[in-house]
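[1] everything below, folded, please.
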Amino acid sequence: MQLTESHQRYWRKNLNLTATLLAVWFVVTFVVSFFARDLNFTFFGWPFSFWMASQGSLVIYVAIIWFYAHKMNQLDQEHNVAEDEVL
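    Below you'll find the predicted structure:
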């Protein structure tokens, strides 16, 4: 089965979005944690490294999930592969 040009563009955009969001996830999870000791300043009364580990990373993860769902809905609409909404 041969994919159409529209399906190939859809898949390429999907992979680019996924790769970008995985890079953001990697930076938030590993890079910020690795340099946490260097982030020695107070943020809302707590050391920034503690706040980033306990609260900030969770907020970023939820934002990544929301952004992915939002962009994929737009991409589905653009390429006419959106599912019918059932409420």
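[2] secondary structure element holding the residue most central in space within the chain?
    Centroid check for the chain by C-alpha atoms, centre = their mean gives Ile64 as the closest residue, at 2.9 Å. Element membership for Ile64, per DSSP states H and E: helix 57-78.
[3] which strands or helices does that helix pack on?
    helix 5-26 (3 or more C-beta pairs under 8 Å, 6 or more residues apart in numbering; DSSP states H and E). From N, CA and C alone the C-beta is placed, and that goes for glycine too.
[4] returning to that earlier point: residues in contact with the spatially closest residue to the residue nearest to the centre of the chain that is not a sequence neighbour?
    Leaving aside its sequence neighbours, Ile64 sits nearest to Leu21 (C-beta to C-beta, 6 or more residues apart in numbering; 5.3 Å). Applying C-beta atoms under 8 Å, 6 or more residues apart in numbering to Leu21 gives the contacts 64, 67-68.
[5] could you list the low-confidence segments of this protein?
    Along the chain, segments meeting pLDDT under 70 span 1, 39, 52-53, 85-87.
[6] so how far is stretch 8-18 off the chain centroid?
    Its chain's average C-alpha position is 14 Å from that of stretch 8-18, according to C-alpha atoms, centre = their mean, to the nearest Å.
[7] what's next to that stretch, contact-wise?
    For stretch 8-18, contacts defined as C-beta under 8 Å, 6+ apart pick out 3, 68, 71-72, 75, 79, 81.
[8] ok, stretch 73-83 next?
    Under the criterion C-beta under 8 Å, 6+ apart, residues 6-7, 9-10, 13-14, 17 lie in contact with stretch 73-83.
[9] rerun that using 7 Å as the cut-off
    Residues outside stretch 73-83 that contact it (C-beta atoms under 7 Å, 6 or more residues apart in numbering): 6, 10, 13-14.
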